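Asker: coordinates only, sequence not included:
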């Protein structure tokens, strides 16, 4: 008898159903995961954009601070501008002398240096010269001739009294004495001009001693500002060995642009500022206005003379000359409204009752309490005239915050 095993179909069906359920769950989970990954974040709305940065040049004040600031207005005014001319200090050429040797010779000694104060007649150097020796010999010969002429005249006077000679002979000898004395004085003057002291000439006349060297002497009381001589150098007449200047009075020389040349007149007062002297303001008068224009700089030379009793003005110092120009109508603002920021002039312009903006401007030199506006403002613009400095501090504080 054949045994047939029982069928297991129901069990297989349950296993397949379970597999279908698990597969469905797995597919659903994967789809959900893919859907989540594929989702994009929502784009930001217009309301989520960052706010614009505030203007760092603007400042808004609190209402209770309004009374601290006073407003002014850019308006047209009659302005007499100051012309600022760059210049320099120079020695007064009328008080400058250049000193050299009167004879050709070799310098044996230098006694003065640049910066030394010297007086008239002071020896600056000594020079030895064959010419000086010949000049002293010429003086001795002239002195001897004059002495002989004097004795000849005295003998002639005795002879004419004895009626030995006539009047014509006496007059001839008188004339010879006059000429001899003139020649002696001329040779003596040459020795003085060569630098030989008067005492040395007297010793030469009385003792016949030749002086070995001549002095190069100062002809002006002042300061040695240049020296072009050294020991052992051969000097010739006409060589400027020393330059001496009296600095009690100096020149301030400037170059005035040709378009403003008509504003400068001889005798006109000028204010002068020298950076080396700080805020000190000097006063002077224009003593010279050039008649020609420099081709290179298109300017006219002007010169001012200034007292320098304190000797604090040194040649070649830089200076600024301020000259009043012609009166004109120009837009101007109060000087106290100007704020200096980043090496430029600025003013606070009113935008609304409590809002002000720091605005760069180009201004001319101050004229009294006002400054002419060259660029940056229009007629009627309101600016902070009182408290601009404090307002700028407030702006900086707000910018830091």
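Answerer: Sure thing, it's come through. This is a predicted model, so every value here is computed, not measured.
Asker: Low-confidence bits of the stretch 201-350 of the chain, can you list those?
Answerer: Filtered on pLDDT under 70, the stretch 201-350 of the chain yields the residue ranges 325-326.
Asker: what's the domain layout of this structure?
Answerer: Structurally, the chain divides into domains by automatic domain parsing as follows: 58-80+328-400, 82-126+217-325, 130-212.
Asker: any chance of the ones you listed in a markdown table, plus mean neighbour count?
Answerer: Any C-beta I mention is one placed from the backbone N, CA and C, and that applies to glycine too. Supplementary listing: those in a markdown table, determined by neighbours: other C-beta atoms under 10 Å:
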| stretch | mean neighbour count |
| --- | --- |
| domain 58-80+328-400 | 16 |
| domain 82-126+217-325 | 16 |
| domain 130-212 | 15 |
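Asker: and residue 267, how far is that from residue 208?
Answerer: Residue 267 sits at a distance of 60 Å from residue 208 (criterion: C-beta to C-beta, to the nearest Å).
Asker: hang on, I meant residue 249
Answerer: The span separating residue 249 from residue 208 equals 47 Å under the rule C-beta to C-beta.
Asker: For the protein, which segments count as helices?
Answerer: Secondary structure of the chain by DSSP state H: the helices cover 9-38, 130-161, 167-193, 198-207, 388-400.
Asker: Reformat these as TSV; add distance to residue 114.
Answerer: As requested, the helices of the chain are arranged in TSV below (distance: least, C-beta to C-beta, whole Å):
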stretch	distance to residue 114
helix 9-38	92
helix 130-161	27
helix 167-193	26
helix 198-207	28
helix 388-400	48
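Asker: Out of those helices, flag the one nearest residue 71.
Answerer: Proximity to residue 71 (C-beta to C-beta) singles out helix 388-400 among those, at 10.5 Å.
Asker: For that closest one, the averaged confidence score.
Answerer: The average pLDDT for helix 388-400 rounds to 83.
Asker: What is that helix packed up against?
Answerer: Helix 388-400 sits against strand 58-60, strand 339-341, strand 344-350, strand 355-363, with contacts defined as 3 or more C-beta pairs under 8 Å, 6 or more residues apart in numbering; DSSP states H and E.
Asker: right, and the ones you listed - which one's nearest residue 78?
Answerer: Of all the helices and strands packed on helix 388-400, strand 355-363 comes closest under C-beta to C-beta, at 16.9 Å.
Asker: Partner strands of the closest one and their direction?
Answerer: strand 58-60 (antiparallel), strand 344-350 (antiparallel), strand 370-375 (antiparallel) (DSSP bridges).
Asker: want to throw those strands into JSON lines with distance to residue 131?
Answerer: Conversion of the strands paired with strand 355-363 to JSON lines gives the following (distance: least, C-beta to C-beta, whole Å):
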{"stretch": "strand 58-60", "distance to residue 131": "84"}
{"stretch": "strand 344-350", "distance to residue 131": "68"}
{"stretch": "strand 370-375", "distance to residue 131": "67"}
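Asker: Please name whichever of those strands is nearest to residue 218.
Answerer: Residue 218 lies closest, by C-beta to C-beta, to one member of the strands paired with strand 355-363: strand 370-375, at 50.5 Å.
Asker: now that closest one, how far from the chain's geometric center?
Answerer: For strand 370-375, the distance between its averaged C-alpha position and the chain's averaged C-alpha position is 25 Å (C-alpha atoms, centre = their mean, to the nearest Å).
Asker: Identify the residues contacting it?
Answerer: The contact list for strand 370-375, computed with C-beta atoms under 8 Å, 6 or more residues apart in numbering, reads 74, 77, 79, 81, 330-335, 338, 361-365.
Asker: cool, and stretch 222-230?
Answerer: 91, 95-97, 107, 110, 112-118, 124-125, 235, 239-247, 315.
Asker: Repeat that for stretch 193-202.
Answerer: Taking C-beta under 8 Å, 6+ apart as the rule, stretch 193-202 contacts 101-103, 127, 129, 131-132, 135-136, 139, 188, 191-192, 211, 214-217.
Asker: Equivalent analysis for stretch 247-258, please.
Answerer: 83, 85-93, 95, 222-223, 263-264, 270, 272, 284, 287, 293-294, 297-309, 311, 313, 315, 319, 321, 323.
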